[in-house]
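# heads up, no residue letters with this:
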């Protein structure tokens, strides 16, 4: 191979190396900063496609422009009313100002670490300034009547929640959002994935819940028994009234029937006293005389009047 050919190959290789070092690609989900000796050159580049930079002296730094996830570690935090709970939270963020982001944080790993400090700190501050009842409830909805807590008080008299879990999370988001713009970061949302008691008090909480439910059940049972006694009393009084009225009606009917029978008997006696006496004597015979009864009477006893007569 001649010296000219070798020189040509060297020139082509150098040109290829220069082109390769000067051309870079921006993807759809990226935004790019170009630095020269550590200093940012120009503005951010967000247009997808091929771009050119000064070979060798300039560097390309790709940053994601999508929404990214921050997943915090579960932490044990005390509430204002001294209840220790585990808080597990997550958030969504993105790089809104690449230049400021690069100057303050440089890369995503540093951003995640900074988010740990800021969001965890704000969660601790907000949780420590609110009672447990504000944190575990979804909203600040008023308590329903009938729920009970310690000392026999109803929930609505014992606690008056001012916020709910959603409002607490929004408060954390608001406080964190006020800090993040100085790092070129936009924080979109903060949510609580899980809220739970620490193991040392969880069993006591369960025992208290069971005790409260039993107390509520006993109250309902007592109210039911009282209502039952009231209903049974009304039924008994109504039954006595019905029986009394029925007895009164029966006695009145019986009295009227006896009076009517007496009138009939009197009318029959007045029409034919002899026939009346005869019929009454037959009724007496039927009642008194039978095959098992011995009667000792004188021969002139009135009862034997019709038995002595010969027909």
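The structure has been received and is ready for your questions. No experiment lies behind these values; they were computed from the predicted model shown.
# and residue 270, how far from residue 300?
Per CB to CB, to the nearest Å, residue 270 is found 28 Å from residue 300. In this view, the C-beta of every residue, glycine as well, is placed from N, C-alpha and C.
# residue 126 too?
122 Å.
# so which elements touch the helix or strand hosting residue 254?
Per DSSP states H and E, residue 254 falls inside helix 199-271. The contact analysis (3 or more CB pairs under 8 Å, 6 or more residues apart in numbering; DSSP states H and E) places helix 199-271 against helix 273-288.
# what comes up buried for the helix it packs on?
Using 16 or more other CB atoms under 10 Å as the test for burial, helix 273-288 gives 276, 281.
# now do the helices in this structure.
3-22, 98-104, 108-128, 132-136, 155-158, 165-177, 199-271, 273-288, 305-308 (DSSP state H).
# quick one: low-confidence residue ranges for the stretch 201-311 of the chain.
201, 303-304, 306-311 (pLDDT under 70).
# dump the residue contacts of residue 34.
Residue 34 is in contact with 40, 41, 42, 45, 53, 58, 59, 60, 61, counting by CB atoms under 8 Å, 6 or more residues apart in numbering.
# look up which residues are beta-bridged to it.
In this entry, residue 34 is beta-bridged to residue 41, residue 60, by DSSP bridges.
# distance check, it against residue 54.
Using CB to CB, residue 34 is found at 8 Å from residue 54.
# nearest residue to residue 57 in space, please, no chain neighbours.
Among residues not flanking residue 57 along the chain, residue 36 sits closest, at 5.7 Å (CB to CB, 6 or more residues apart in numbering).
# that neighbour: neighbouring residues, count only.
Around residue 36 sit 13 other residues, with neighbours defined as other CB atoms under 10 Å.
# likewise residue 32?
So residue 32, with other CB under 10 Å, has 20 neighbours.
# could you measure the nearest residue to it once chain neighbours are set aside against residue 251, distance?
Counting by CB to CB, 6+ apart, residue 45 is the residue found nearest to residue 32 once chain neighbours are left out, at 4.4 Å. Shown here: residue 45 relative to residue 251, a distance of 112 Å by CB to CB.
# more neighbours, these two?
residue 45 (19 against 10).
# just checking, that one touches residue 53?
No: taking contacts as CB atoms under 8 Å, residue 45 lies outside contact range of residue 53: 9.6 Å.
# related to what we said a few turns ago, contacts only, for the residue nearest to residue 32.
26, 31, 32, 33, 34, 51.
# phi, psi of residue 291?
The phi/psi pair for residue 291 (degrees, to the nearest 10) reads phi -70, psi -10.
# burial measure for it, as a count.
4.
# try the one 3 residues further on
Summarising burial for residue 294: neighbours were counted as other CB under 10 Å, giving 4.
# measure it to residue 288 for me?
Distance of residue 294 to residue 288, computed by CB to CB: 11 Å.
# and residue 21, how many residues sit next to it?
14.
# correct me if wrong: it contacts residue 52.
No: counting by CB under 8 Å, residue 52 is not a contact partner of residue 21; they are 10.4 Å apart.
# quick check: beta-bridge partners of residue 30?
As for beta bridges, residue 30 partners with residue 64 under DSSP bridges.
# how much space between it and residue 233?
Taking CB to CB, one finds residue 30 at 83 Å from residue 233.
# for residue 226, same thing?
Residue 226 is 11 Å from residue 233, by CB to CB.
# equivalent analysis for residue 123, please.
59 Å.
# more neighbours: which of those two?
Using other CB under 10 Å, the more surrounded residue of residue 123 and residue 233 is residue 123, with 23 against 10.
# that one: what's it in contact with?
72, 75, 77, 87, 89, 172, 190.
# repeat for residue 294
No contacts exist for residue 294 under CB under 8 Å, 6+ apart.
# do the one 4 residues further on as well
When the contact criterion is CB under 8 Å, 6+ apart, residue 298 has no partners at all.
# now residue 29
So residue 29 contacts 64, 65, 66 (CB under 8 Å, 6+ apart).
# quick one: pLDDT of it?
According to the prediction, residue 29 has pLDDT 90.
# same question for residue 20.
Looking at residue 20, its pLDDT reads 70.
# relative to residue 13, how far out is it?
Residue 20 is 10 Å from residue 13, by CB to CB.
# are any of the contacts of residue 34 buried, and which?
The neighbour-count test (16+ other CB under 10 Å) marks 45, 53, 58 as buried among the contacts of residue 34.
# thank you, goodbye.
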